[in-house]
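Engineer: My questions are about this predicted structure, shown below with the sequence.
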Amino acid sequence: MTDSTADLTLALLLSFCRKIEKAGQYVKADRWKEWDPDLFIGEELRGKTFGILGFGRVGRAVAKRAVAFGLKVIFHQRHAVELPPELSSLCTPVSLEELYQSSDYLSLHVPLTEETRYLIDLEAFQKMAKKPLVLNLARGGVIKTKDLVLALSQKLIRGAVLDVTDPEPISGKHPLLAFENCLVVPHIGTATEECRFLMAKKAAENILDFFK
């Protein structure tokens, strides 16, 4: 599941920052009549700070991709980790407080446990000094949904990108979907042919191992 989820993280980040979804809808609506230098102005990633909460397999795979885009990567991991050589000089461990305060983009990759449930609540949003884009490709329950709605309405963050929600699925009439700066996709982090094949293969191997 690692590569498919990491790929989607960067795909959603780019889609939001370059307004790809809105630009595509603009063309489909037959509104594209001439080249306009001010049309769908986005932002470049290079030089921005990309914060990662959770630095396990997926978090590290995301970090490798983020570094390739010229992002400065910082991360917080609840337990001490030994970084692989290719990341040790490129990614900086920080406290949770610093992660909140310094991130231009904050990407969540922690498992859902009693410790992480609703970890990102209104108090956490209020600590995010740079009003980051928050990406959740972990589990919906890591973010307290009602507090995310408040954070968006009070402009405590400048946007949210969600592959997972709480509850899941959410209704098309959910308050989150009323925000133009909130992009929600239907839990497709592992939705690649390669990943689905490997998941099925692993399940079959587990059955064989059990009966052996």
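Structural biologist: Looks like it arrived, so ask away.
Engineer: So which residues of the protein form strands?
Structural biologist: Remark: strands of the chain, listed N- to C-terminal, are 49-53, 72-76, 91-93, 105-108, 133-136, 159-162, 182-184; assignment by DSSP state E.
Engineer: could I get those as TSV with mean neighbour count and distance to Leu122?
Structural biologist: In this view, the C-beta of every residue, glycine as well, is placed from N, C-alpha and C. What follows is the strands of the chain, written out as TSV (neighbours: other Cβ atoms under 10 Å; distance: least, Cβ to Cβ, whole Å):
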stretch	mean neighbour count	distance to Leu122
strand 49-53	26	17
strand 72-76	21	19
strand 91-93	17	26
strand 105-108	26	15
strand 133-136	27	13
strand 159-162	22	14
strand 182-184	20	16
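Engineer: Tabulate those (CSV), appending mean pLDDT.
Structural biologist: What follows is the strands of the chain, written out as CSV (pLDDT from 0 to 100):
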stretch, mean pLDDT
strand 49-53, 98
strand 72-76, 97
strand 91-93, 95
strand 105-108, 98
strand 133-136, 98
strand 159-162, 98
strand 182-184, 97
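Engineer: As CSV, those strands with distance to Arg65 would be great.
Structural biologist: Below are these laid out as CSV (distance: least, Cβ to Cβ, whole Å):
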stretch, distance to Arg65
strand 49-53, 10
strand 72-76, 10
strand 91-93, 12
strand 105-108, 10
strand 133-136, 13
strand 159-162, 15
strand 182-184, 18
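Engineer: can you pull the contacts of Thr2?
Structural biologist: Arg57, Val58, Ala61 (Cβ atoms under 8 Å, 6 or more residues apart in numbering).
Engineer: and these, which are buried?
Structural biologist: If you count burial by 16 or more other Cβ atoms under 10 Å, the buried members of the contacts of Thr2 come out as Val58, Ala61.
Engineer: From the contacts of Thr2, pick the one nearest Leu119.
Structural biologist: For the contacts of Thr2, the minimum distance to Leu119 (Cβ to Cβ) is 16.3 Å, reached by Val58.
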